[in-house]
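Student: Quick one, fold the following:
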Amino acid sequence: MQDRFETRIRDAHKRTRRLDKELGGLAAHFNERPRQSAQALVFVVPAQMAAWRRFGVSRFGIDLGDHEQRKNLNIETLQDALTFILIANKYEAHKAAWE
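Tutor: Numbering: from 1, shown residues only. So this is what the prediction gives:
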C-alpha cells in the first residue's frame, strides 16, 4: 500500500512539472503577443464559462453559476463527484479570470 501511495505521489509530481513547463510556454506566448492574447481571452473566457454551465445543467441539473443550486446537488458515484468537482473548478477559474 505504501509503495502504491509513493508511486502515485511521484506520478503527481511528474504531472505537476509537465504542467509547469506547459504554463511557462503559455506565459511566454502571452508575453510575446499581449494584445492578441487579451483580445482572444475576451471572447474565449465567457464562451467557455457558458459551455461549463451547459454541461453542469445537462449532466447534473445544476447551473454552476447559481451557488444556491449547488447546495441541492445529489451525487451518487465517486466518478460523478470527481466530474462535478472538475467542472466546478474550471468554471470558477474562468469566472475568476473574467473578473
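Student: Closest to the centroid, which residue in the protein?
Tutor: By Cα atoms, centre = their mean, the chain has its centre lying nearest to residue 90, at 2.5 Å.
Student: Could you find the closest non-adjacent residue to that residue?
Tutor: residue 52 (5.6 Å; Cβ to Cβ, 6 or more residues apart in numbering). C-beta: built from backbone N, CA, C; applies to glycine.
Student: and the one you found, what does it touch?
Tutor: Going by Cβ atoms under 8 Å, 6 or more residues apart in numbering, residue 52 touches 64, 87, 90, 91, 94.
Student: and residue 3, what pLDDT?
Tutor: In this model, residue 3 is scored at 78, pLDDT.
Student: One more: residue 73?
Tutor: For residue 73, the pLDDT comes out at 87.
Student: From residue 85, how far off is it?
Tutor: 11 Å (Cβ to Cβ, to the nearest Å).
Student: Between those two, tell me which one has more neighbours.
Tutor: Each of residue 73 and residue 85 has its neighbours counted (other Cβ atoms under 10 Å); residue 73 has more, 14 against 11.
Student: three-state assignment of the closest residue to the more buried one other than its chain neighbours?
Tutor: Excluding the flanking residues, the one nearest residue 73 by Cβ to Cβ, 6+ apart is residue 62, at 5.6 Å. Under DSSP: H, G, I helix; E, B strand; the rest coil, the three-state class of residue 62 is coil.
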